[in-house]
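Enquirer: Could you look at this predicted model? Sequence included:
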Amino acid sequence: MKLLALPAFSDNYLWLLHDKGRAVVVDPGQAQPVLDALQREQLQLDAILITHHHADHVGGVQTLRELTGARVYGPASEPMPEPLTRLRGGETLSALGLDFEVIDVPGHTAGHVAYFCRAPAELEPLLFCGDTLFSGGCGRLFEGTPAQMLASLDALAALPGNTQVCCAHEYTLSNLKFARAVEPDNADLQRYSARCESLRAAGLPTLPSRMSLELQINPFLRTRQAAVIAAAQRVDPSAQDPAGHLAALRQWKNQF
């Protein structure tokens, strides 16, 4: 079982999981990087998983469906490239002999979902979280509320600590710059920032991350920590609960 991050556009990753000549791809905003990988690795695409409706996540679906015959799965309540199987949180789909659990994670969009896979022994558990969770950050609230995003992030944070966090964008360095402004004394954050800067300098992805690491360095997962609360309240003194802290951080990040 192998996991590949296929670069697309300026900073997207299309995640390709494959085993024994069969493959699954997540959020193929472009078809060509996937087609190139299928040819290079001699793979047949079995399934396409979509987390939300934005064009940079669905733009390649129609071409891939037509050329490969892959089955398409996506969120139940968002506009999607038909035909596809629509899924809600709590449901499970099977591909490559694996079960992918669907988690409702509204916030970035109203019907956003994530896919969690308790992978076989040679891989740690996998989370395909689209634009809900980034390393060191979270998605913008285009359609959801801070309370929804908080609940979504809490649901993801409850996954096993060794879960590989497969985010859809290489936003890590900019997110960590903001995170250091929120928690300048966080030693774990300082170490992780240095490691990610080295990876990017070498032209390598910073992803996947690990859930245990994100809990140590990601301010949007740390809205109940004293240092993060204090930073959020400096931005918005009226923020008095975790959803308010998240809202203050997100507004700050939008302008950072």
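Expert: Received it, and whenever you're ready, just let me know what you need. Numbers count the residues shown, from 1 in each chain.

Enquirer: where do the strands sit along the stretch 1-150 of the chain?
Expert: Ranges of strands in the stretch 1-150 of the chain, per DSSP state E, counting those that start in this stretch, are 2-8, 12-19, 22-26, 44-49, 71-75, 85-87, 92-95, 98-104, 113-117, 126-130, 133-134, 137-138.

Enquirer: So what touches the longest one?
Expert: Think strand 12-19. For strand 12-19, contacts defined as C-beta atoms under 8 Å, 6 or more residues apart in numbering pick out 1-8, 23-30, 33-34, 37, 41, 43, 56, 60, 96-97, 117, 126, 128, 166-170, 205, 207. (Glycine included, C-beta is placed from N, CA and C.)

Enquirer: again with stretch 76-90
Expert: Contacts for stretch 76-90 (C-beta under 8 Å, 6+ apart): 50, 52-53, 58, 61-62, 65, 71-75, 93, 101-104, 109-113.

Enquirer: just to revisit the earlier point, ok, which of the strands of the stretch 1-150 of the chain comes nearest Glu214?
Expert: Between Glu214 and the strands of the stretch 1-150 of the chain, the shortest separation by C-beta to C-beta is 7.2 Å, and it involves strand 133-134.

Enquirer: Need the mean per-residue confidence for the closest one.
Expert: For strand 133-134, mean pLDDT rounds to 98.

Enquirer: Asn218 versus Arg180, what's the distance?
Expert: 12 Å (C-beta to C-beta, to the nearest Å).

Enquirer: between these two, which one's more packed in?
Expert: Asn218 (29 against 17; other C-beta atoms under 10 Å).

Enquirer: Enumerate every residue touching that one.
Expert: Counting by C-beta under 8 Å, 6+ apart, Asn218 has contacts 133, 135-138, 175, 179.

Enquirer: Can you point out the buried residues in stretch 50-66?
Expert: 50-54, 56-61, 64-65 (16 or more other C-beta atoms under 10 Å).

Enquirer: try stretch 27-44
Expert: Going by 16+ other C-beta under 10 Å, stretch 27-44 has these buried residues: 27-31, 33-35, 37-38, 43.

Enquirer: which two in the residues you listed are spaced the farthest apart?
Expert: Maximum distance among the buried residues of stretch 27-44 (C-beta to C-beta): 18.9 Å, for Gly29 and Leu43.

Enquirer: rewinding a little: so which of the strands of the stretch 1-150 of the chain comes closest to Asn162?
Expert: strand 126-130 (10.5 Å).

Enquirer: That closest one versus strand 44-49: what angle between them?
Expert: Angle, strand 126-130 to strand 44-49, by axes from the mean of the first three to the mean of the last three C-alpha atoms, to 10 degrees: 60 degrees.

Enquirer: who touches strand 126-130?
Expert: Contact with strand 126-130 is made by 3, 15, 17, 26-27, 49, 51-52, 57, 105, 108, 112-117, 119, 133, 139, 156, 159, 163-168, 208, 211, as judged by C-beta under 8 Å, 6+ apart.

Enquirer: That'll do, ta.
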